[in-house]
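K.L.:
Quick one, what's the 3D model for this:
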Amino acid sequence: MANIFTLSPLIGAEDRFTSSLHYLIEVYPDIGQTIADYILVASGKNHSKFIRSDDHPDSTLQDRPDFLIDCQDFEIICEHKIDAPLGEKQLERYLALTRKKDNYLTLITLENCNISDEVINNKKYLKPINSKYPYFSWQDIYPLIKAHPSKIAQDFAEYMTSLGMQPWNSDILSDLFESQETANLFSQSWEGIRNNFKDIGASCKLSAKKLGFEISYPLPWLHLLYFSVTKQNKYQSFKCDGPYLVANIWVKKSNKDAIKKISEDIFLEYEFGEIYGESLEKQAPWDKDLINVFQFYTPLPPLLSNNIIIMRKNLLSFSQIIFHYTQEELEAI
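P.N.:
I've put the predicted structure just below:
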């Protein structure tokens, strides 16, 4: 039986997820109570009976939070983040909303978010008191849903896994996506790739969050080779657990004919396991003349090490496999 939560989406990732969570809680209100209890206990607040949830509750034309957990004594306004950053003063505006019922605000996110002291110190803002991060993670919520015995909840947990929301059981860089400090440490691992591609005349640059690395024109027809790490697996045919090391190949539309047409999935083997690749034709949102033509995934954990020198070599090994395949197999003869 198909998992209804993993069918092709017609709306954005965050709106789709929030709508699906609302459906799940409507079917099983006890899940809503479990989530409310977790947030309240972790924040040092008293229990309150769960009444209902609401997807994008009405507020103002400008400000519509993602989710609402309505309890007997108060409301919990939830802002959800998956693959988009916080908006300008977004949480500050939500804290200032006027509602008929007493309310709190909380943030549940997939990756690191910068939150102002104004929000953190606000008595209406709920944050886990025994965590170094002033927000909740979807990794906190995942076990609550996974523990529910229903088939729908298990399907939803599988859906959460595809979004990278499952707990990452690793002692190495375990807070890579939550801590900018850890991301900065990890960024040193790109150095081997930088040196390798600079030697062939390519231009190299770190991404803003240090979790990605850009290589411009390593080949005359290849506009951008972009390596990054991610929690999300957007391709159901690739069943390995994440997080993942990813490589994207971008070309100018005028150079699209310089690459071979690949009609089936690509599987490569290397010393750390398997690399899954697929052919795409996805226009870049920032440049209408750029097309993402190939994407490659491999599980990240086998490449991690507490020794930065070893980790550099491991990431370099992946990059060389991708680059050599690109040269030998994708470039048209």
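K.L.:
what about the nearest residue to V27 once chain neighbours are set aside, how many residues close to it?
P.N.:
Ranked by C-beta to C-beta, 6 or more residues apart in numbering and with sequence neighbours excluded, the top spatial neighbour of V27 is I152, at 6.0 Å. Quick note: C-beta positions are derived from backbone N, CA and C, even for glycine. The tally of other residues near I152 (other C-beta atoms under 10 Å) stands at 17.
K.L.:
do L40 as well
P.N.:
For L40, using other C-beta under 10 Å, the count is 20.
K.L.:
My guess is it contacts H47. True?
P.N.:
Yes - counting by C-beta atoms under 8 Å, L40 touches H47, with 6.2 Å between them.
K.L.:
can you confirm S254 is in a strand?
P.N.:
No - judged by DSSP: H, G, I helix; E, B strand; the rest coil, S254 forms no part of a strand; its state is helix.
K.L.:
need the contact list for the closest residue to it other than its chain neighbours.
P.N.:
Spatially, and ignoring its direct neighbours in sequence, S254 is nearest to D289 (7.6 Å; C-beta to C-beta, 6+ apart). D289 sits next to 252-254 when contact means C-beta atoms under 8 Å, 6 or more residues apart in numbering.
K.L.:
Which residues lie in contact with the residue nearest to V27 in this structure?
P.N.:
Contacts of I152 by C-beta under 8 Å, 6+ apart are 24, 27-28.
K.L.:
CSV please, covering those residues and showing secondary structure.
P.N.:
Below are the contacts of I152 laid out as CSV (three-state DSSP):
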residue, secondary structure
L24, helix
V27, helix
Y28, coil
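K.L.:
got any ranges where the stretch 151-300 of the chain has weak pLDDT?
P.N.:
In the predicted model, the stretch 151-300 of the chain carries pLDDT under 70 at residues 234-239.
K.L.:
For the residue nearest to S254, give its distance to E214.
P.N.:
Distance, D289 to E214, using C-beta to C-beta, to the nearest Å: 17 Å.
K.L.:
can you check Q180 too?
P.N.:
Taken as C-beta to C-beta, the span from Q180 to E214 is 19 Å.
K.L.:
Equivalent analysis for H47, please.
P.N.:
49 Å.
K.L.:
For T298, which residues count as its bridge partners?
P.N.:
Per DSSP bridges, the residues bridged to T298 are L245.
K.L.:
Please verify my assumption that it contacts L245.
P.N.:
Yes - using C-beta under 8 Å, T298 is in contact with L245, at 5.3 Å.
K.L.:
Show me the common contact partners of the two, please.
P.N.:
Common neighbours of T298 and L245 (C-beta under 8 Å, 6+ apart) are F318.
K.L.:
what about the longest helix in this protein?
P.N.:
Ranked by residue count and defined by DSSP state H, the top helix of the chain is helix 308-325.
K.L.:
ok, residues contacting it?
P.N.:
185-186, 188-193, 196-197, 218, 225, 227, 245, 247, 266, 268, 270-272, 275, 277, 296, 298, 302-305.
K.L.:
average pLDDT across that helix?
P.N.:
Regarding helix 308-325, the rounded mean pLDDT is 95.
K.L.:
And that helix, what's buried?
P.N.:
311-312, 314-319, 321-323, 325 (16 or more other C-beta atoms under 10 Å).
K.L.:
Stretch 174-182 now?
P.N.:
Buried, per 16+ other C-beta under 10 Å, within stretch 174-182: 175-179, 182.
K.L.:
Kindly report the same for stretch 17-32.
P.N.:
Neighbour-count burial for stretch 17-32 [16+ other C-beta under 10 Å]: 17-18, 20-25, 28, 31-32.
K.L.:
Which members of those occur in helices, if any?
P.N.:
Using DSSP H, the buried residues of stretch 17-32 in helices are 17-18, 20-25, 31-32.
K.L.:
Dump the residues you listed into a markdown table; add pLDDT and distance to L97 as well.
P.N.:
What follows is these, written out as a markdown table (pLDDT from 0 to 100; distance: C-beta to C-beta, whole Å):
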| residue | pLDDT | distance to L97 |
| --- | --- | --- |
| F17 | 91 | 22 |
| T18 | 90 | 17 |
| S20 | 91 | 24 |
| L21 | 94 | 21 |
| H22 | 92 | 19 |
| Y23 | 92 | 25 |
| L24 | 95 | 25 |
| I25 | 95 | 22 |
| I31 | 97 | 25 |
| G32 | 97 | 21 |
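K.L.:
Go through those and name the one nearest R64.
P.N.:
T18 (10.9 Å; C-beta to C-beta).
K.L.:
In contact with the residue nearest to that closest one when sequence neighbours are not counted, which residues?
P.N.:
Nearest non-adjacent residue to T18, counting by C-beta to C-beta, 6+ apart: D66, 4.8 Å away. Going by C-beta under 8 Å, 6+ apart, D66 touches 14-15, 18, 55-56, 78-80.
K.L.:
swap the cut-off to 10 Å and go again
P.N.:
14-15, 17-19, 21-22, 55-57, 77-82, 94, 107-108 (C-beta atoms under 10 Å, 6 or more residues apart in numbering).
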